[in-house]
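**Student:** One predicted model, sequence on top.
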Number of protein chains: 2
Amino acid sequence: MKKENMAMLCDFYEFTMSNGYFKNGFYKKNVYFDVFFRKVPDNGGFAIMAGLEQAIEYIRELHFEDEDIEYLKSKGIFDEQFLEYLRNFKFSGDVYAIPEGTPIFPNEPVMTIKAPAIEAQLVETFLLLTINHQTLIATKANRIVRAAQGRAVLEFGSRRAQGANAAVDGARAAYIGGCKGTACTLTDELYGVPAGGTMAHSWVQMFNSEYDAFKTYCEMYPDNPTLLVDTYNTLKSGVPNAIKVFKEVLLPQGKTKCAIRLDSGDISYLSKKARKMLDDAGLTECTITASNALDEYLIRDLMMQGAQVDTFGVGERLITSSSSPVFGGVYKLVAVENDGGEIVPKIKVSENTTKITNPHFKKVYRYFDKDSGKAIADELCIYDEVVDDSKPRTIFDPNAVWKTKMLDNYTAKELLVPIFKNGKCVYESPSIEEIATYCREQIDLLWDEVKRFENPHNYYVDLSKKLYDIKALLLNIYEK
Amino acid sequence: MKKENMAMLCDFYEFTMSNGYFKNGFYKKNVYFDVFFRKVPDNGGFAIMAGLEQAIEYIRELHFEDEDIEYLKSKGIFDEQFLEYLRNFKFSGDVYAIPEGTPIFPNEPVMTIKAPAIEAQLVETFLLLTINHQTLIATKANRIVRAAQGRAVLEFGSRRAQGANAAVDGARAAYIGGCKGTACTLTDELYGVPAGGTMAHSWVQMFNSEYDAFKTYCEMYPDNPTLLVDTYNTLKSGVPNAIKVFKEVLLPQGKTKCAIRLDSGDISYLSKKARKMLDDAGLTECTITASNALDEYLIRDLMMQGAQVDTFGVGERLITSSSSPVFGGVYKLVAVENDGGEIVPKIKVSENTTKITNPHFKKVYRYFDKDSGKAIADELCIYDEVVDDSKPRTIFDPNAVWKTKMLDNYTAKELLVPIFKNGKCVYESPSIEEIATYCREQIDLLWDEVKRFENPHNYYVDLSKKLYDIKALLLNIYEK
């Protein structure tokens, strides 16, 4: 795709609406939109925020080029002055977001945009797609990493990704979620996610024999080579040839680090047999990598069966989150400023009550128990509410208001941080390494019950009394 | 992603292998790789080839920049001369492919690359990901379009796509598969797929009333406006307000074309009620668009229930092919040239017999019945075999060799066409419109039994006697 600037990656209705806002004088009117989601993929207990760095880059570079204006003009429905306005378009608003790597929960804003109506509208599609995509993959990767219980997980899925960005940004998100590396070279070059890889079956086929292929490879790359052992027959040919070559090429050089990779067949059975063959040959430091349509469910089963796998290479099921390939983040208007500069909350009602939005410009607090350090609940508050965590605070479930909880030994952390102020970026993205570390630490602060794969405990996302009352009031108005 | 040239979107092992080929003199050795797949997504009967235009663009622009070479150098494992070679890298091989929009079947080559080993290896990841992605979406879109039985289907999924390319190229593929348009503006600007769209809920919320929002919109866009009627209450407020505005604004101008859109609630029930309200008001030309997590299964059900929907807007379930989000195209070595220039077939065996490859540099013929015009079978032949369709031909099922079929009233069409010759592109991509038309025509040539959603008839992909014998011979060698 020959485009660096993604301004036109935008649903067409953003332009028809913006043209209307322009004509009707709304373009100076500040509005507030929240990005939030309603359901965790795979019925999990939490998602992992990701994609913010790409969202920032997008907003920074946002502008329309002559060819874009010409294209829009050719549609014959846009006002000349509106097109002139787009020619000088720049994002001038504020953005707040939850930092990448943070566990996030349904119905809380993970990003809030405050901007003049047209600006806030035109960024909708791209912001959603970036956050939706990377959050999906980081969340899936983390499930797989947790299933592997400390064994390394590598991302191998580029060839099955849904397009170039899905491969490259997906590998970035997978690293945030806990993968130790990727096969995608470009993700390393662009983002510093360590890329690695050794050989495909074609390497083995290219030589006159598997033994020659392995030997040539080990002579070239004697530092921790991984040999793919399933091109012909894993146990009869692949593993014996690997053992022979490791002994002939590596051991004389005093090198003991090496690995084999299994890419087909029954991983549990083959890995145990291969482990024994390697150990019997004295190659106890040789590790075993397995790849082949793995995901958290298969890895959990393999672990239970005692599979002798040290590293899991995970491809298509991670890079597409195949068992749950959609992250349903939405972008909803929550407030508008009236002519006096007052913030007027807005609500979107729905016949489906779970689709009713939380109105107003909001803050998100996360409360941690001081003794255990664990996260207790999140609370959505109005933008001007301040929580003093030196004082007790009673929170309640908005869907069952009689369920209250008194907090008296807790710390409060605001989750939404300023990213843009008046169009200027005020946030510096941490390194990918730092994000991954932060993610691991934050997930450690969740109770195990929230991390269950099936039927996890519902983490509390409560509304402050003030917000709850405003929501009730707005609902009442629409009920009439 | 700040990269136009996708040379580095490449699994790292392609570089380790290529470095090895370079050192071992294989870089001048011509090899043959096939792209093929083993299973149709959603257990369907056929897939639709797509993504070739992007594959061509990729190969044309393929080169390594200084920063890429520097990055590779920093890994400390690549030969200085190999890096020098990459600096001047250009694809010099031949490519054959089945044109976009063609129905394709498991186990037949949809693309064949003949090139020196390193070149053929380095293009693997990107070619697979592009063909896999777009073929997946074109195939899914076509299922949805067929379910809609002639009602228009529009692609609305950008915000839920797995990254920017998934949105933009996905909408292109959806158009090939039969969608009539997209919401993605950039797909229109880049590829000419008609983009459209009118309003989101935020437009309605931005005004003091739904009526004001609708009125303003129709005054601005009186030519066939679509009003979103479910922001507050579809039947009590949305549809009545739409009717009022259509009558007040459009009819006086002599305009009768208009539409409403339903985006929540029970589409079947609401569309029937809305249809009656519109008809009762004399707005018989007002059409109804429905969107909300639709796919082929839901649309089929809605059609059965007599839902009064004229246009389906399909989002996340199309753009991610959510019920089957992976297209498993693979890239396998099928032949190498020996020093005398002779083509030596190669096979990849597997404990799983369905994973055994079809060796050799091949042709694909599709046979059509002269009377009905319908496609009868495909046959894979050796590159130098020529089928004369003026003579009878007996084909047989390679998995059940006793099942033979004699063709005597047929035409033979070669499916793989030359795309690159000696690194030069010799193929001109048709327009997206032409591809979509061609796709529709080719699908009309398939028997209905092949198009069933569940349990479709297995279309025959046979091997010529000559190819079958070579495969048997190679298998025999490895069995020893």
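**Tutor:** Sure thing, it's come through. Numbers count the residues shown, from 1 in each chain, chains lettered A, B, ... in the order given.

**Student:** Can you classify A:D230 by secondary structure?
**Tutor:** coil (DSSP: H, G, I helix; E, B strand; the rest coil).

**Student:** Quick one: neighbours of it, just the number.
**Tutor:** 24 (other Cβ atoms under 10 Å in any protein chain shown). Any C-beta I mention is one placed from the backbone N, CA and C, and that applies to glycine too.

**Student:** residues touching it, list them.
**Tutor:** By Cβ atoms under 8 Å, 6 or more residues apart in numbering or on different chains, the contact list for A:D230 reads A:201, A:238, A:261-265, B:350.

**Student:** And these, which is closest to A:L129?
**Tutor:** A:L129 lies nearest to A:D263 out of the contacts of A:D230, by Cβ to Cβ, at 32.3 Å.

**Student:** quick one: the closest one and A:I288 touch, right?
**Tutor:** No - with contact defined as Cβ atoms under 8 Å, A:D263 does not reach A:I288; the gap is 11.7 Å.

**Student:** Quick check, A:L86 in contact with A:I69.
**Tutor:** Yes - A:L86 is in contact with A:I69 according to Cβ under 8 Å; the separation is 6.1 Å.

**Student:** Those two: which has the busier surroundings?
**Tutor:** Using other Cβ under 10 Å, the more surrounded residue of A:L86 and A:I69 is A:L86, with 21 against 16.

**Student:** Skip the chain neighbours and tell me the closest residue to that one.
**Tutor:** Nearest residue to A:L86, sequence neighbours excluded (Cβ to Cβ, 6 or more residues apart in numbering or on different chains): A:F64, at 4.7 Å.

**Student:** just A:N422 next, same as before
**Tutor:** Nearest one to A:N422, counting by Cβ to Cβ, 6+ apart, is A:S92 at 6.1 Å.

**Student:** Run a quick check on that neighbour versus A:I118, I expect a contact.
**Tutor:** No - with contact defined as Cβ under 8 Å, A:S92 does not reach A:I118; the gap is 10.4 Å.

**Student:** more neighbours, these two?
**Tutor:** A:I118 (25 against 12).

**Student:** Show me where the stretch 351-480 of chain A has its helices.
**Tutor:** Counting by DSSP state H, counting those that start in this stretch, the stretch 351-480 of chain A has these helices, from start to end: A:432-444, A:448-451, A:465-479.

**Student:** Would you single out the least confident of the ones you listed?
**Tutor:** Among the helices of the stretch 351-480 of chain A, helix A:465-479 carries the lowest mean pLDDT, a mean of 89.

**Student:** quick one on the thing from earlier: can you get me a residue count around the residue nearest to A:L86?
**Tutor:** Around A:F64 there are 19 other residues, counting by other Cβ under 10 Å.

**Student:** Check whether it really touches A:C10, as I assumed.
**Tutor:** No - contact criterion Cβ under 8 Å: A:F64 and A:C10 do not qualify, at 10.1 Å.

**Student:** Helix or strand: which one has the spatially most central residue of chain A?
**Tutor:** By Cα atoms, centre = their mean, the mean C-alpha position of chain A lies nearest to A:T135, the distance being 2.4 Å. Applying DSSP states H and E as the criterion places A:T135 in helix A:124-147.

**Student:** thinking again about what came up before, so which of the contacts of A:D230 belong to strands?
**Tutor:** Among the contacts of A:D230, the ones falling in strands (DSSP state E) are A:261-262.

**Student:** Widest-spaced pair of the contacts of A:D230?
**Tutor:** A:R261 and B:S350 (15.0 Å).

**Student:** Count the residues that sit near the closest residue to A:N107 other than its chain neighbours.
**Tutor:** For A:N107, ignoring the flanking residues on the chain, the nearest one in space by Cβ to Cβ, 6+ apart is A:V461 at 5.4 Å. Neighbourhood size, A:V461 [other Cβ under 10 Å]: 20.

**Student:** quick one, what contacts A:V461?
**Tutor:** A:105-108, A:377-380.

**Student:** again, but for A:K466
**Tutor:** Contacts of A:K466 by Cβ under 8 Å, 6+ apart are A:381-382, A:385.

**Student:** if we can go back for a sec, go ahead and confirm the residue nearest to the centre of chain A touches A:A50.
**Tutor:** Yes - using Cβ under 8 Å, A:T135 is in contact with A:A50, at 5.0 Å.

**Student:** is it fair to say A:A115 lies in a strand?
**Tutor:** Yes - under three-state DSSP, A:A115 sits within a strand.

**Student:** So what does the residue nearest to it when sequence neighbours are not counted look like in phi/psi?
**Tutor:** Of all residues not flanking A:A115 in the chain, A:G93 sits nearest, at 2.5 Å (Cβ to Cβ, 6+ apart). Main-chain torsions, A:G93, degrees, to the nearest 10: phi -90, psi -170.

**Student:** and chain A, what are its domains?
**Tutor:** Following automatic domain parsing, one finds the domains of chain A at A:12-137+A:325-479, A:164-319.

**Student:** got the contact list for the helix or strand hosting A:I288?
**Tutor:** Assigned by DSSP H and E, A:I288 belongs to strand A:286-291. If you take Cβ under 8 Å, 6+ apart as the criterion, strand A:286-291 is touched by A:154, A:156, A:226, A:242, A:246, A:258-263, A:267, A:271, A:274-275, A:278, A:302, A:307-315.

**Student:** For the residue nearest to the centre of chain A, give its distance to B:S291.
**Tutor:** 23 Å (Cβ to Cβ, to the nearest Å).

**Student:** got it, and A:F82?
**Tutor:** Counting by Cβ to Cβ, the gap from A:F82 to B:S291 is 26 Å.
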